[in-house]
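Novice: Sequence plus predicted model, see below.
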Amino acid sequence: MTDDEDVSTPYGRHRQTTVYTTGMLTGNVPDIPVDPDRLADRAREELDGRAYDYVAGGAGGESTMRANRRAFDDWRIVPRVMRDTGTRDLSTTVLGREFAVPVLLAPIGAQGIVHEDGDLASARAAARWDVPYVCSTQASEPLEEVSDALGDTPKWFQLYASEDRELTRSLVERAEDAGYDAIVVTLDTPHLGWRERDLDRGFLPFLDGDGIANYTSDPVFRDRLAQPPEENPRAAAQEFVQVFSDATLTWDDLEWIASLTDLPVVAKGILHPDDARDAVAHGAAGVVVSNHGGRQVDNAVAALDQLPGIVDAVGDDAAVVFDSGIRRGADAVVALALGADVVSLGRPWVYGLGLAGEDGVASVCENFLADLDLTVALAGYDDVTELDESALQRG
Ligand code: FNR
């Protein structure tokens, strides 16, 4: 968005007008496909096969990924008319901070495999659209540089708690020092899921040094190495594999992580109402209802099916974030109407990154926000925070 654009309707109408006018006057069509399925197809055609499969793939037979999408078909939006939707307010407040839009860019590790600019490109694109960004522990650039690229855009840091507690402490302290607003602790990855596409290719980006910048820049991690990572990157990658996750974590450990910081802690990967209650009881100020985009457990429940029960379980005690299967504006409307405070977008913007770097991510953000803006308006709402189950009917 530039300053001279009409900021009262910066998303939907503006985007349509630009695309249609350009198409009709010049014959040019958007560089980055608007349709998320065509976007994924283009990424499959143009990206390195290993990188594409790493992003697109899931656990086992990928039944969870299919279930994530199917679950949206169980809900239909009931559009209302004659409600003055001339201007829309997409802003919302999450963990005490105003977000311009009810959308986060989900934490995505190893972005360097799809584009050399990695997280810095994605963070700059997020900042262009003021879309809050979650920086992964497995970022391709150190979290401090990602924070700088985000500027004033809201930013959360996603933590994989390491077996090395001092390393975990160091990552949390660095995130707090770098100005992040929250720590998102991912709970669904005590082990890496069984990912057949990556296994068949024998491909794990971290072993190639991609997605371990937060480790190689960390003083505690560096102390564990006999030689600096710059001199012996292979040994650094091997050491990362040793410390990456802690499969012994229990709820008391979440309390310990919360005790390390003044920032709010958000528990990611919650699919059962009892786990949501436990997370809140052990210090979480928010939960992310997510099955990691189907990358962890095959035949798992669809994340959307679990959302209403978890919203009920946490009540007003925690912010609720939803991800896993969000592709279009209507998906976000359904999740917000079912009680999510904000949704996270995952794979689509990673495809945008792979196809065109910062501009690609910005395009995906713009299209998603335009679609969301128009869908909210056409459903009969001018304020996203007013969406509730009365906007929906079971399909
Ligand atoms: C992820 N996800 C993820 N989650 C997390 O907590 N830390 C991480 O580092 C990553 N890395 C990552 C890499 C890639 C390539 C993908 C596709 C996903 C999971 C992510 O945050 C989110 O939960 C899913 O992407 C949501 O599913 P969809 O909507 O993208 O299908």
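Specialist: Yep, that arrived.

Novice: use CA for all of it now, contacts and neighbours both
Specialist: Noted.

Novice: For this structure, what lies in contact range of the ligand?
Specialist: 54-55, 106-109, 136-138, 186, 290, 292-293, 323-326, 345-347 (CA under 6 Å from any ligand atom).

Novice: quick one, phi psi at the residue most central in space within the chain?
Specialist: By CA atoms, centre = their mean, the mean C-alpha position of the chain lies nearest to Ala106, the distance being 0.8 Å. Dihedral pair for Ala106: phi -60, psi 150, per degrees, to the nearest 10.

Novice: hang on, the earlier thing: can you tell me which of the residues of the chain next to the ligand are in strands?
Specialist: Among the residues of the chain next to the ligand, the ones falling in strands (DSSP state E) are 186, 345.

Novice: okay, now the closest residue to Ala279 other than its chain neighbours: neighbour count?
Specialist: Residue nearest to Ala279 in three dimensions, not counting chain neighbours: Ala267, with 6.5 Å by CA to CA, 6 or more residues apart in numbering. Neighbour count for Ala267, taken as other CA atoms under 10 Å: 27.

Novice: thinking Ala267 is in contact with Val184, fair?
Specialist: Yes - using CA atoms under 8 Å, Ala267 is in contact with Val184, at 5.9 Å.

Novice: which residues does Val361 contact?
Specialist: 121-122, 125-126, 349-353 (CA atoms under 8 Å, 6 or more residues apart in numbering).

Novice: Then Leu387?
Specialist: By CA under 8 Å, 6+ apart, Leu387 lies in contact with 333, 336-337, 381.

Novice: tell me which element the residue sitting furthest away from the middle of the chain falls in.
Specialist: Using CA atoms, centre = their mean, the residue of the chain lying farthest from its centre is Leu25. It sits 36.0 Å away. Element membership for Leu25, per DSSP states H and E: helix 12-26.

Novice: residue ranges for the strands of the stretch 201-350 of the chain, please.
Specialist: 265-270, 284-289, 319-322, 342-345 (DSSP state E, counting those that start in this stretch).

Novice: any low-confidence regions in this protein?
Specialist: 1-9 (pLDDT under 70).

Novice: How about Arg295: what's its closest non-neighbour residue?
Specialist: Gly58 (3.9 Å).

Novice: Could you grab the helix/strand/coil label for the one you found?
Specialist: Secondary structure, DSSP: H, G, I helix; E, B strand; the rest coil: Gly58 is coil.

Novice: Run a quick neighbour tally on it.
Specialist: 26.

Novice: Please apply the same query to Asp208.
Specialist: 14.

Novice: same thing with Thr85?
Specialist: For Thr85, the count of nearby residues is 17 (other CA under 10 Å).

Novice: which residues sit in contact with it?
Specialist: Thr85 neighbours (CA under 8 Å, 6+ apart): 377-378, 380-382.

Novice: Which two of those residues have the greatest separation?
Specialist: With CA to CA as the measure, no two of the contacts of Thr85 lie farther apart than Leu378 and Asp382, at 9.3 Å.

Novice: These two: which is more packed in?
Specialist: Neighbour totals were compared for Leu378 and Asp382, and Asp382 leads with 21 against 18 (other CA under 10 Å).
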